[in-house]
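Chemist: Fold the following for me, if possible:
(chains A and B)
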Amino acid sequence: MLDDYLKANLASWDEAVTLHVGSGLYDVEGFKAGRSTLSEIELDELGPSIREGTTLLHLQCHFGLDTLSWARRGAIVTGVDFSGKGVRTARSLADEVGLSRRATFVQSDVESLPDRLSGSFDVVFASWGALIWLDDLERWADVVAHFLKPGGILYIAEFHPYAFLLADDATPGSLRIGYPYFMHGVPQRFDEPGDYAEPEARTEHTITFEWLHGFGEIIDPLLRRGLRLDFLHELPYTVPGLQFSFLEKDARGMLRVRDHHEDFPLSFTLRMTKEVA
Amino acid sequence: MSHDTRDTGPHRESPDPVPAEARAANLELWNHWTRIHEKSAFYDVGGFLAGKTSLWPLELEELGPYVREGTTLLHLQCHFGLDTLSWARMGAEVVGLDFSDEAIALARRLAGQAGLSGRAEFVCSDLYDADAHLGGRLFDVVFVSWGAIEWLPDLDRWAGIVARHLRPGGVFYMAEIHPFARALDEVPGEHDVLVQYRLQPAADTPDVEAVEGSYADRDADTTGLVAYGWTHSFAEITGALHAAGLRLEHLHEFPTSPAPFWDWMVQDESRWWWLPDARGGLRKDLPFSFSLRATRPAGPET
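Modeler: Have a look, this model is predicted:
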């Protein structure tokens, strides 16, 4: 079963790489011209921890634009993704922008990474739509703890779990619930021909399986592995990428719930530090 | 009593952040609720006096291992003290604190009737005035549960009180209504829910609501009573505890509620309330409660 889910998700993400490289949302040409793909959220909160030579492991890096944006700020980066196409695209982008000496890309799912990569890192980073592709955050937390140096930090910027609970037909005047917060390991199956970066595209691999994870599910396994919570922030806006009809862009280009600009959280960030033994 | 009384140093005194009209309305409500709750099946005072614990299996399982004979425990916002006294019966030396004078008077009476006066002390105090009553007393455990923090506008000051009365190495534990559940209401005419209230905190903006009955007795007459509450998020709760120097040890979330939010919720044999599904089963998909444990680090601050 799990293999089938992962196979469907991999096919979808392989296809997404080609679509996304040409998309306005990812703006690869802008990146090549020097633009950072990181949002002000992670730049403000993780930026100060990234110095020349900081080692950073980016889990579920897609085709590496954010990974390479950290490299441009001085980090020595390793990006990991389960899509071979994503990893190959990331490597050729690294070459094109002259960052291949400080950027390594590894094809692996998160769970198998300790078999394919050695070393430990100052920073482990994951962002925007990563966690929903993982069925089990206990094994993910094992991997995070495994690759963090003592005193190293985990930083996550993600879509808020509450943002995924509203029904497809929810409106700002009636924020009905349509999806579960607790999934008890059973994925949600989606069959959608579009794409979050290219909504008009008609994709070939339309079926995906996703697992929502609540705060307890995300944070508790990390606490049990000796990571300390430095902060958890919940923000009433998020970077673009969610397609729900009840969202609109604010003046800064962030998405908010229409008529609920200040009172409905759409993203969260957290930083945790691995204890010095 | 054998409380450690080392002083943790001076701290600033500033006005209570609860607005005067909110305090007056909430005090009237909680004094009124105390009279209703004393006689309610929900609180089952008779059962408690006959020896039953009022604590949920959740608190017993998660905090129980930290409570031994002689453990000192501070219960903030203790209402009329059944939970406080239930910890005392398990061996703890307890102090319960609540702002309702009628609740504290009832708690003291019940302590006497249950033969626990020797190990239970009750303090009538506004939460934000706790330091003035507790001085430098330090406890092994600080306990908060079920519908407490929604009455507080300022969690930073609340967490400061928790931390100042916890000994180094001591344990803070709370079991509470989930922030998401507090924002829900029923879809009119359906056994379903939607997000009706704010999820992001707005410290200066209390949620003011006419009170309809009580969580413990939905049919109780509460005509004319008003409640002032405040929305809190996980970010705010965990941030306040962190800023106070406490270290988060666990965060657990549950689809169960200790009281019915709407009259169509259903109760299981362990007394937990659930949303029903369309086929008569229990909905396990939405969060209604959470528990959190944090410690005051024992070593020197890092």
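Chemist: Point out the residues in the stretch 51-200 of chain A that sit beside chain B.
Modeler: Residues of the stretch 51-200 of chain A that fall close to chain B, judged by CB under 8 Å from any CB of the partner chain: A:162, A:165-166, A:170, A:174-177, A:180-184. Just so you know, the C-beta spots here come from the backbone N, C-alpha and C atoms, and that holds for glycine as well.
Chemist: Top of those residues by number of neighbours, please.
Modeler: With neighbours defined as other CB atoms under 10 Å in any protein chain shown, the most crowded of those is A:Y162; it has 26 neighbours.
Chemist: So what does B:K39 have for phi and psi?
Modeler: Phi and psi for B:K39, reported as degrees, to the nearest 10, are phi -100, psi 0.
Chemist: what's around the nearest residue to it once chain neighbours are set aside, how many residues?
Modeler: Spatial nearest neighbour of B:K39, excluding adjacent residues (CB to CB, 6 or more residues apart in numbering or on different chains): B:V45 at 7.7 Å. When neighbours are counted by other CB under 10 Å, B:V45 registers 19.
Chemist: How about B:Y197?
Modeler: With other CB under 10 Å as criterion, B:Y197 counts 13.
Chemist: How about B:P179?
Modeler: 25.
Chemist: Pull the contacting residues for it.
Modeler: By CB atoms under 8 Å, 6 or more residues apart in numbering or on different chains, the contact set of B:P179 is B:199, B:231-234, B:237, B:290.
Chemist: Show me those residues that map onto strands.
Modeler: Using DSSP state E, the members of these that fall within strands are B:F290.
Chemist: coming back round to it: roughly how far apart are the residue nearest to B:K39 and B:G147?
Modeler: The gap separating B:V45 from B:G147 is 18 Å, by CB to CB, to the nearest Å.
Chemist: Checking the nearest residue to A:F231 once chain neighbours are set aside next. Helix, strand or coil?
Modeler: Leaving aside its chain neighbours, A:F231 sits nearest to A:R271 (5.4 Å; criterion: CB to CB, 6+ apart). When classified by DSSP: H, G, I helix; E, B strand; the rest coil, A:R271 comes out as strand.
Chemist: how about A:R271, what does it touch?
Modeler: Per CB under 8 Å, 6+ apart, neighbours of A:R271: A:45-46, A:153-156, A:229-231.
Chemist: Longest helix in chain B, please.
Modeler: Among the segments of chain B that qualify as a helix by DSSP state H, the longest is helix B:20-38.
Chemist: which residue ranges form the helices in the stretch 51-200 of chain A?
Modeler: Using DSSP state H, counting those that start in this stretch, the helices found in the stretch 51-200 of chain A span residues A:65-72, A:84-96, A:113-116, A:137-147.
Chemist: Let me know which of those is tucked in deepest.
Modeler: Ranked by mean neighbour count under mean count of other CB atoms under 10 Å in any protein chain shown, the helices of the stretch 51-200 of chain A are led by helix A:65-72, which reaches a mean of 25.
Chemist: from the contacts of B:P179, which ones fall inside helices?
Modeler: Short answer: these in helices (DSSP H) are B:234, B:237.
Chemist: which among the contacts of B:P179 are in contact with chain A?
Modeler: Okay, of those touching chain A (CB under 8 Å from any CB), that's B:199, B:233-234, B:290.
Chemist: What distance do you get for A:G98 to A:A71?
Modeler: Distance check for A:G98 against A:A71: by CB to CB, it reads 10 Å.
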